[in-house]
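A.B. asks: can you look at this prediction? I've put the sequence above it.
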Amino acid sequence: MKTNYQYYFKNYKDNEIFQKLLPGVKNVWEIRDNAKKYLKEEIEDKQVKENHAEMIGESITLIGTYYIGKGTKIYGNVTIEGPVYIGENVEIKPGAYIRPGTIISDNCSVGFNSEVKAAVLQKGVKIASLAFVGDSILGKSARIGSGVITANRKFDQSNIRDTESDFFGLVIGDNSRIGANSASLPGTFIGPYSWIFPLTQVRGFIPELKKVSNKPELYMTENIKTELKS
C-alpha cells in the first residue's frame, strides 16, 4: 500500500488551504489530523464567524465557528456545524449537513441530503445526493456518487490500519470516482484516476488507473400478472 500523499495528490499546488495541512506529513492520513489542528487554531480558538455566502432558501443553520468564502451558495435546510472551512464558489445543496472538522476547498459541491464529517475536500470535489463522507481525504476533482457510504469505524472499534485512530474513512486520489450506492470499508485507499463502479464494495488498497466492479449474476424466474394495490 502507498502511504505518501504525493502518490494520491499531484494537483494541489494551487490550493492554498490544502498546502497549509502538509507540513510534517509523512503518511497521507496525517493530513486529516493537521486539518483538525488547523481548524482549532485558526477558526475555533479565534472565534471566527465569517460568512460571505449567498443564502438561498430557509432554515439554514450555522453553529459554532466557521469561514465561508465568496461566491458560495448555501441552500435551504442546510446545517453547518463548526469549526469548518468552506472556500469560494462552493455549492451546498438542500438538506446537507456539514459537520465539525471539515475543510471544503474552492469549487466543490455537496449534494442533496448528504453528510460530510471531519473530511478534507480538495478543489473541484463533487459529492452527489444522499451520500456520507466521514473522516476522509478527497483529491482534486474526485467524485462521490449518490448513496455512497464511506464507512469510518470498524465493528470492533479497533484502530484502522496504521492510523492510530478508530475513526478513518478513505483516501481517494485526484480524479478518481465512486459510483452510486457503493461503499468503502474503513481504511480504504484509492489511487488517482481509478473508477469504482456502482454497487461495488471496496476495501484495502486500490492502485491508480484501475476500474473496479462487482459482477453478481442476475437471476430471472417466471412471474404472474398481479394488479398492485393502491
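C.D. replies: Great, that's in hand.

A.B. asks: for Gly82, give me its contacts.
C.D. replies: 39, 43-44, 62-66, 100 (Cβ atoms under 8 Å, 6 or more residues apart in numbering). C-betas here are computed from N, CA, C, even on glycine.

A.B. asks: ok, for it, nearest residue in space, not its chain neighbours?
C.D. replies: For Gly82, ignoring the flanking residues on the chain, the nearest one in space by Cβ to Cβ, 6 or more residues apart in numbering is Gly64 at 3.4 Å.

A.B. asks: ok, that neighbour touching Thr79?
C.D. replies: No. Using Cβ atoms under 8 Å, Gly64 is not in contact with Thr79, being 10.8 Å away.

A.B. asks: who touches both of these two?
C.D. replies: By Cβ under 8 Å, 6+ apart, no residue touches both Gly64 and Thr79.

A.B. asks: can you tell me the centre-most residue of the protein?
C.D. replies: Val133 (4.1 Å; Cα atoms, centre = their mean).

A.B. asks: C-terminal to the helix or strand where that one lies, what's the next element?
C.D. replies: Using DSSP states H and E, the element containing Val133 is strand 132-134. Once strand 132-134 ends, the next helix or strand along the chain (criterion: DSSP H and E) is strand 137-138.

A.B. asks: contacts for the helix or strand just after that next one?
C.D. replies: Downstream of strand 137-138, the next assigned helix or strand under DSSP H and E is strand 143-144. Outside of strand 143-144, the residues within contact range by Cβ under 8 Å, 6+ apart are 125-128, 131, 133, 138, 150, 172, 176-178.

A.B. asks: rerun at 7 Å
C.D. replies: Strand 143-144 has contacts (Cβ atoms under 7 Å, 6 or more residues apart in numbering) with 126-128, 131, 133, 177-178.

A.B. asks: could you work out the most separated pair of the residues you listed?
C.D. replies: Greatest spatial distance among these (Cβ to Cβ): Val133 and Arg177, at 13.1 Å.

A.B. asks: which two among the contacts of Gly82 are spaced furthest apart?
C.D. replies: So for these, where distance means Cβ to Cβ, the most widely separated pair is Leu39 and Leu62, at 15.0 Å.

A.B. asks: still on that earlier bit, and the pLDDT at the residue nearest to Gly82?
C.D. replies: We have a pLDDT of 98 for Gly64.

A.B. asks: burial check on it, number of neighbours?
C.D. replies: Other residues within reach of Gly64, judged by other Cβ atoms under 10 Å, total 15.

A.B. asks: do the same with Tyr97
C.D. replies: Neighbour number of Tyr97 under other Cβ under 10 Å is 18.

A.B. asks: what sits against it?
C.D. replies: Contacts for Tyr97 were tallied using Cβ under 7 Å, 6+ apart; they are 79, 115.
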